[in-house]
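> 3D model of this:
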Amino acid sequence: MNIAIVTQYFYPESFIINDVAEELACFGHTVEVFTGQPNYPEGDTYKGYDSTACSEQIYKDRVKVHRVPLRPRKSGGAKNLLLNYLSFVANGVRYFPKQNAGKQFDAIIVFAVSPITAAIPAIVLKRSSKAHLMVWVQDLWPETLKATGFIKNPMLLKAIGVLVRFIYARADTVLVQSEAFISSASKYVAKDKLVYYPNSYRVAATQANAVDGVPLEVRQLLLSNFCVVFAGNLGFAQSLETIVDAAKALVHLDCKIVVVGSGSRLDWMQEQKRQHHLHNLELVGRLPSSAMPELFAKSGALLVTLKREEIFALTIPSKIQAYMAAGKPILAALDGEGARILAQAGAGLCSQAEDAAALAKNIEALYEATPEKRAAYGAAAFRFFCDNYEMKTQCHRLVQIIENRIANS
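The predicted structure follows:
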C-alpha cells in the first residue's frame, strides 16, 4: 500500500510515530511523512533544519519525509503554542498538496497528539489523493485542554468541540489509543467509525542501541542506588506535586527518585528540591531516546503519575508500554484505564492519582521486597507487553485495520 502519515511531530523529535513509519516501510509499504520543521520540546528549531523552509529527506533509508515551515514553540505559553499550531495548519494546507504532486495514497494516517488541528492539512491532502483518512487520537480534545487548564472559557471549549466534530466527520476511521476513549469520542463521531488501536513500543530497535546515551554520572547513580525512575514530559498533567511529596515522605530511605525529562515544570521541581533539601530526588534533565533501554534496565522500578482528572482516567500514558517492555516493576499513581491495565497485568503497585502518601508507601514496599518479588512484577509486565503492545504485531494489525476499513467503506 501507499501510506501517508501527517504529524506535526517527527524525527528527530522523539515520538512513537517515528518507529511506526519505519515498521510499516519494513513491511514493504511505501510510506511518506508530511510534517513540520522539528522544534519539540525545547522550542528551538533543531540544528540543521530551517524553520522558514520546505524540505525533503529520507528517514532510515526507507521513508520520504516532507517538511513545511513551522514557527517554533519557543518557551511555550499560550501565544507561542497557538502560533506554532496555526503555522502547521496554514503551511500544511498550503504546501502538502504540492509536495504530494498528485500521488495517490491508499490511506492517510494522522498522528493526533495535541493539537487535533494537525488533522486539518490531512483533510486537504485527502481531497487531492482520494485516500482513506484515519485519525489516530492520542489526546481527547477539548477535554484535555480543560483538564490541563490551558483553556478555561466555556464558549471557547464549546467552539473547539465543534471543530473536533468537523474533523472527525471528515475522517473515515477514528483510531483511539484507549478503549475508554470510545465513550467520550462517540459524543463527536458515530461509533461505527471508532476503532481501538493502542500505542506500542519497538523493543528490537531500542535494544540495538541499549548502551548509547546515558551519561556516566547517571549510570553511576543507577548502579549505586535503588532508583525509581520517572521518564517523560514534566508538565501539569503529570502531577509532579505527587512525586515531590512522595520524595519528602521518603527522605529516611536509601532510595532515589530519578526524574528524566524536561518541560514547563522542571524549574518548579528544581526549586522544590532546593527548598526542601530533597537529596533523594534527582533531576537529570532530558536524555536521548536511545538512552531509555539502558536507563530502564538499570532502574529498580519505573514510575508513572497523572493528575486526578476524568480525562486522564481515560488515558493510557504511552510510557506504560515502554515501561512494560523493559521488564521492570512499575509504580503508579493514577486512576482509571491506566490503573486497570497495570492491575490486569500484575505489573507492580498502583495507588490513586495525587495520593502521595500511598505512592510513598508503595515505593517503600517495593524497596523492601525481595529481588524475586520485584522480578515477578517485571516478568508479568513484559508478558503483558508482548501480548498487547509489541510494535511489529501491532503494526501488522494496523495494516489489517486499514485493509478491512477500505474494503468495507
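> how close does the most centrally placed residue in the chain sit to residue 96?
Geometric centre of the chain, nearest residue: residue 318, 4.7 Å, by C-alpha atoms, centre = their mean. Look at residue 318 and residue 96: by C-beta to C-beta, to the nearest Å, they are 26 Å apart. Using the backbone N, CA and C atoms, a C-beta is placed for each residue, glycine as well.
> What helix or strand is the residue of the chain positioned farthest from its centre located in?
Within the chain, the residue lying farthest from the chain centre (C-alpha atoms, centre = their mean) is residue 252, at 33.7 Å. Using DSSP states H and E, residue 252 sits within no helix or strand.
> for it, what are its contacts?
By C-beta atoms under 8 Å, 6 or more residues apart in numbering, the contact set of residue 252 is empty.
> if we go to 10 Å?
280, 364 (C-beta atoms under 10 Å, 6 or more residues apart in numbering).
> what do you get for the one 5 residues further on?
Remark: with contacts taken as C-beta under 10 Å, 6+ apart, residue 257 is in contact with 227-230, 243-244, 246-247, 250, 278, 280-283, 301, 303, 331, 359-360, 363.
> Apply 6 Å and report the result again.
Residue 257 sits next to 228, 247, 281 when contact means C-beta atoms under 6 Å, 6 or more residues apart in numbering.
> separation between the residue nearest to the centre of the chain and residue 198?
In terms of C-beta to C-beta, residue 318 sits 10 Å off from residue 198.
> Next, the buried residues of the longest helix belonging to the chain.
In the chain, with assignment by DSSP state H, the single longest helix is helix 78-100. Of the residues in helix 78-100, those buried by neighbour count under the rule 16 or more other C-beta atoms under 10 Å are 81, 84-85, 87-93, 95-97, 99-100.
> Out of those residues, which comes closest to residue 106?
Proximity of these to residue 106 (C-beta to C-beta) peaks at residue 100, which lies at 13.4 Å.
> Show the pLDDT at that closest one.
Residue 100 carries a pLDDT score of 90 in this model.
> try residue 150
76.
> doesn't it fall inside a helix?
No. If the criterion is DSSP: H, G, I helix; E, B strand; the rest coil, then residue 150 is coil and not within a helix.
> Let me see the confidence value for the closest residue to it other than its chain neighbours.
Nearest non-adjacent residue to residue 150, counting by C-beta to C-beta, 6 or more residues apart in numbering: residue 78, 7.1 Å away. Looking at residue 78, its pLDDT reads 83.
> Pull up the gap between residue 78 and residue 153, please.
From residue 78 to residue 153 the distance is 12 Å (C-beta to C-beta).
> what's the angle between the strand or helix carrying residue 34 and helix 78-100?
Following DSSP H and E, one finds residue 34 within strand 30-36. In terms of direction (axes from the mean of the first three to the mean of the last three C-alpha atoms, to 10 degrees), strand 30-36 departs from helix 78-100 by 140 degrees.
> Name the residues of the helix or strand following strand 30-36 that are buried.
Going down the chain from strand 30-36, the next helix or strand is strand 55-59, by DSSP H and E. Residues of strand 55-59 classed as buried: residue 59 (neighbour count, 16+ other C-beta under 10 Å).
> Please save the CA atoms from the helix or strand that strand 55-59 is followed by in PDB.
With elements assigned by DSSP H and E, the helix or strand that comes after strand 55-59 is strand 63-68. Output in PDB follows, covering the C-alpha atoms of strand 63-68 (Å, rounded to 0.1, in the frame of the first residue of the first chain):
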ATOM      1  CA  VAL A  63      10.600   6.800   4.500                       C
ATOM      2  CA  LYS A  64      10.400  10.000   2.500                       C
ATOM      3  CA  VAL A  65       9.800  13.000   4.800                       C
ATOM      4  CA  HIS A  66       8.200  16.200   3.500                       C
ATOM      5  CA  ARG A  67       8.600  19.200   5.800                       C
ATOM      6  CA  VAL A  68       6.900  22.600   5.700                       C
END
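> any residues touching strand 63-68, and which ones?
21, 25, 31-37, 54-57, 59, 91-92, 95, 99.
> what do you get for stretch 170-177?
Under C-beta under 6 Å, 6+ apart, the answer for stretch 170-177 is 123, 132-138, 168, 185, 189, 193-199, 405, 409.
> Need the buried ones from those residues selected in ChimeraX.
To isolate the buried subset of those in ChimeraX, counting by 16+ other C-beta under 10 Å, use the following:
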select :123,132,133,134,135,136,137,138,168,185,189,193,194,195,197,198,199,405
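> after the helix or strand bottoming out on mean pLDDT in the chain, next one along is what?
Within the chain, no helix or strand scores below helix 203-207, which has a mean of 56 by mean pLDDT, DSSP states H and E. Using DSSP H and E, the next helix or strand after helix 203-207 towards the C-terminus is helix 216-224.
> So which bits of that next one are buried?
218, 221, 222.
> go on, stretch 164-174?
In stretch 164-174, counting by 16+ other C-beta under 10 Å, buried: 164, 167, 168, 170, 171, 172, 173, 174.
> Show me where the stretch 151-300 of the chain has its helices.
Shown for the stretch 151-300 of the chain, the helices assigned by DSSP state H, counting those that start in this stretch span residues 154-170, 181-185, 203-207, 216-224, 240-249, 266-275, 292-297.
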